[in-house]
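# let me see the structure of the following:
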Amino acid sequence: MIAPLASSPFLIAAAVLLFLGITLTIAGMVSLVRAKISSFGLQVFIGILLVFTGILSGTIAFGIQGYHALTSEEVAANISVSPIAPQRFAATIRFPDGKMANYILAGDEIYIDAHILKWQPLANLFGLHTAYELDRIGGRYRDIEQERSAERTLQSLKQEKPVNLFELRQRHTSLAILVDAKYGSATFIPVTEPTELELRVSTTGLLLREKTSTNKTK
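You can find the predicted model right below:
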């Protein structure tokens with residue numbers, strides 16, 4: 001799991017770097033007033049570099065909130081589905097942290113997608129690894145014409161945050177130095193009877209499958 005924002009090492013690093021950067025920049029300005037040109041240039045350069053590094057660290061701290069660190073395949077959620085009418089079903093999603101959400105969805109299949117961030121080796125050195133955030137849940141029609149014209153029932157699963165790192169990476173290619181790849185993954189499965197489903201996620205994407213009897217007895 002990603003650390004809470006208040007205790008995030010990236011937020012702490014951002015605060016320290018910004019403090020040092022601003023302090024050095026002010027010291028450089030003082031050197032300029034005292035006509036110490038060489039000290040001014042070095043201090044301001046290092047100060048600005050630290051400020052930008054602090055801003056980047058803070059951006060990462062806010063941007064990864066809601067994402068879950070992923071080192072192997074794991075259960076992202078357990079889902080109960082039950083048909084309530086033709087092409088309409090109820091879905092209850094239970095997250096590992098105990099939170100629950102209920103939805104009424106239209107379609108023949110339950111659909112879920114997610115955002116996945118894969119970090120460059122440089123970022124791995126700072127403890128950043130592949131991470132995921134569930135994005136949407138909805139109903140999916142098998143018939144393409146219905147998918148185009150029938151009722152759509154998509155609901156958001158993601159956590160609102162001041163910085164969306166996934167969207168930033170899509171807009172700014174310069175972030176490629178940190179983020180190796182950004183992509184979405186989706187999975188869907190038919191809903192024909194009351195069923196317990198398990199949503200699993202790995203570095204290759206999402207997988208929805210029925211719970212086996214062995215899993216149910218655990």
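
# could you use CA atoms for every contact and neighbour count after this?
Will do.

# quick check: mean pLDDT of stretch 23-31?
What stretch 23-31 shows for mean pLDDT is 71.

# cool, stretch 139-155 as well?
Rounded mean pLDDT across stretch 139-155 is 94.

# ok, what's across the strand from Ser80?
Per DSSP bridges, the residues bridged to Ser80 are Thr92, Glu196.

# ok, it - how many residues close by?
16 (other C-alpha atoms under 10 Å).

# check Arg148 too.
Arg148: 10 surrounding residues under other C-alpha under 10 Å.

# the one 5 residues further on too?
Burial of Thr153 is recorded as 15 neighbouring residues (other C-alpha under 10 Å).

# swap in the one 5 residues further on?
If you count neighbours by other C-alpha under 10 Å, Lys158 ends up with 15.

# how near is the closest residue to Phe95 other than its chain neighbours to Asp143?
Take Phe95 and drop its neighbours on the chain: the residue closest to it by C-alpha to C-alpha, 6 or more residues apart in numbering is Ala77, 4.6 Å away. Remark: distance between Ala77 and Asp143 (C-alpha to C-alpha, to the nearest Å) = 27 Å.

# what's the answer for Lys211, then?
For Lys211, the distance to Asp143 equals 27 Å [C-alpha to C-alpha].

# likewise Val191?
Val191 sits 15 Å away from Asp143, going by C-alpha to C-alpha.

# of those two, give the one with the bigger neighbour count.
Between Val191 and Asp143, counted using other C-alpha under 10 Å, Val191 has the larger neighbour count: 21 against 11.

# excluding sequence neighbours, find me the nearest residue to the more buried one.
Leaving aside its sequence neighbours, Val191 sits nearest to Glu109 (C-alpha to C-alpha, 6+ apart; 5.2 Å).

# again with Met100
Once flanking residues are discounted, Met100 sits nearest to Arg94: 4.6 Å by C-alpha to C-alpha, 6+ apart.

# residues contacting that neighbour?
Taking C-alpha atoms under 8 Å, 6 or more residues apart in numbering, we find Arg94 in contact with 77-79, 100-101.

# possible to save those as JSON lines with pLDDT, secondary structure and neighbour count?
Listed next are these as JSON lines, based on pLDDT from 0 to 100; DSSP: H, G, I helix; E, B strand; the rest coil; neighbours: other C-alpha atoms under 10 Å:
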{"residue": "Ala77", "pLDDT": "93", "secondary structure": "strand", "neighbour count": "20"}
{"residue": "Asn78", "pLDDT": "95", "secondary structure": "strand", "neighbour count": "20"}
{"residue": "Ile79", "pLDDT": "96", "secondary structure": "strand", "neighbour count": "23"}
{"residue": "Met100", "pLDDT": "94", "secondary structure": "strand", "neighbour count": "13"}
{"residue": "Ala101", "pLDDT": "95", "secondary structure": "strand", "neighbour count": "11"}
